[in-house]
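>>> Pasting the sequence and the predicted model now:
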Amino acid sequence: MNISRGKTIKTAVIGVGNCASSLVQGISYCREMGDQAVGVSFPDLGGYKPQDVEVVAAFDVDARKVGKPVGEAVFALPNCTHVFHADLAHETAVVMRGPDLDGVSAYMKEQPDGHSFATSDAPEMTKDEVVAHLKASGAEVMIIFLPVGSLEAVAFYAECALAAGCALVNGIPVFIASDPVWAERFNTAGLPILGDDFKAQFGATIVHRAIAQLAALRGVKVDQTYQLNIGGNTDFLNMMVPERLVNKRESKTESVQSALGERLPEDGIRIGPSDYVRWLKDRKVAYIRLEGQLFGGVGTSMEIRLEVEDSPNAAAEALSAIRCARIALDRGMSGSVDAASAFLFKHPPTQMGDTAAYHSLMDFAADSDEGNAG
């Protein structure tokens, strides 16, 4: 069933950090460059282009962002991602003061020199106020970019999405789309949900998966592997608190385990953020090592060092997920959109090999029977 809606995808952004900065810059960049835009994942998905996304609402807790137009707020400290499109004067949605809940760790509030969160003195919005603002803005899709480990805050905004009638894209490793209870709630509400935890466009996990899949295809027995990541943005700062890392490690580890020919024991695989180095800013450096056995049990090993700007790497896939959410809305779909989530997220409801997941996403966008089977 197709629902008639406007061409613009009205989007609410939860968390105006580095990923949101790259997302908002990316929308404007694609509007200006059109078909000449560089590095766009899926220039067209189901008739929608990245420049069709419009940010109509945004929520944060930092005093340097709350009350500012989103086009200004995305450049405020402690954001530190690369600026590739600075002219955002037309991005006028005002950043609203969301509730703190568990969205900011105490460790992040204790950093010096403008790198800490300066929590706003403005009153925290209630659920009813957030829902009313979402409805007034016309938001159709909500995307969550909160810090890793924000279990209560993600649940709060998921409730708001349900109440406001928004499709949900969960970009972080708090398990919502992949939780059958939450998925059923969105199904009952007649709303689609995509997630959880973005695979970056060309990040450590997707590269690690590719190597693991290659080993499986070539009959190599993998004995152990690791992926150790360091970075200097607030995401890495937040993850210095070990308790906030539990779901992140599970999400990244399961993504790689699913690509191996044979699952490794827990002591044979170690994946996740390992340190925060402030001067790296939004650069992430990943060290990947794989050890295994070739024909006859002869040993082999390989190491990869990958360096990326972290937030544009995620924003590229976020623009794809937002468009998939809108496609699902147009078709009256509800619950977890498995056909699209498998390619875009580390911890989707259904894990697939990347080639199969790519074709699943393409089928979904083309509205084939297979694509709508999820």
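Yep, it's here. On a predicted model such as this, the values are computed, not experimentally measured, just so you know.
>>> Residue 306 is in what secondary structure piece?
strand 299-309 (DSSP states H and E).
>>> Could you list every helix and strand in contact with the lowest-mean-pLDDT helix or strand in the chain?
Within the chain, confidence by mean pLDDT, DSSP states H and E is lowest for helix 234-238 among all helices and strands, at a mean of 90. Here helix 234-238 touches strand 269-276, going by 3 or more C-beta pairs under 8 Å, 6 or more residues apart in numbering; DSSP states H and E. All C-beta spots, glycine's among them, are computed from the backbone N, C-alpha and C.
>>> Tell me how far the most far-flung residue of the chain relative to its centre lies from residue 220.
The C-alpha centroid of the chain is most remote from residue 296, which lies 41.6 Å away (C-alpha atoms, centre = their mean). In this view, residue 296 and residue 220 are 12 Å apart by C-beta to C-beta, to the nearest Å.
>>> And the strands in the stretch 251-374 of the chain?
For the stretch 251-374 of the chain, the strands defined by DSSP state E, counting those that start in this stretch occupy 269-276, 283-293, 299-309, 335-336.
>>> Pairing partners for the third one, with directions?
By that I understand strand 299-309. strand 283-293 (antiparallel) (DSSP bridges).
>>> same question, the shortest one
Strand pairing for strand 335-336, using DSSP bridges, gives strand 192-194 (parallel).
>>> Check what contacts the strand it pairs with and list those residues.
167-170, 176-177, 182-183, 186, 321, 324-325, 328-329, 333-337, 340-341, 344-345 (C-beta atoms under 8 Å, 6 or more residues apart in numbering).
>>> Which of these fall within helices?
Mapping those onto helices (DSSP state H) picks out 182, 183, 186, 321, 324, 325, 328, 329, 340, 341, 344.
>>> Not counting its neighbours along the chain, what's nearest the first one?
So the one you mean is residue 182. residue 176 (4.7 Å; C-beta to C-beta, 6 or more residues apart in numbering).
>>> quick one: contacts for the one you found?
Residue 176 touches 154, 155, 158, 168, 170, 182, 193, 195, 196, counting by C-beta under 8 Å, 6+ apart.
>>> What count of nearby residues applies to the residue lying closest to residue 292 once chain neighbours are set aside?
With C-beta to C-beta, 6+ apart as the criterion, residue 292 has its nearest non-adjacent residue at 4.3 Å, and that residue is residue 222. Around residue 222 there are 22 other residues, counting by other C-beta atoms under 10 Å.
>>> re earlier: next one: the residue nearest to residue 182 from residue 184, what distance?
Taken as C-beta to C-beta, the span from residue 176 to residue 184 is 12 Å.
>>> which sections of this structure are below the confidence cut-off?
1-6, 112-116, 368-374 (pLDDT under 70).
>>> Do a quick rundown of the helices in the stretch 1-150 of the chain.
Taking DSSP state H, counting those that start in this stretch as the criterion, the stretch 1-150 of the chain contains helices spanning 18-33, 70-73, 127-137.
>>> Would you convert those into TSV that also reports mean neighbour count and distance to residue 305?
Converted to TSV, the helices of the stretch 1-150 of the chain look like this (neighbours: other C-beta atoms under 10 Å; distance: least, C-beta to C-beta, whole Å):
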stretch	mean neighbour count	distance to residue 305
helix 18-33	23	22
helix 70-73	22	34
helix 127-137	17	42
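>>> Between these, which one is closest to residue 354.
helix 18-33 (21.7 Å; C-beta to C-beta).
>>> so how far is that closest one from its chain's centroid?
Relative to the chain's own centre, helix 18-33 is displaced by 15 Å; criterion: C-alpha atoms, centre = their mean, to the nearest Å.
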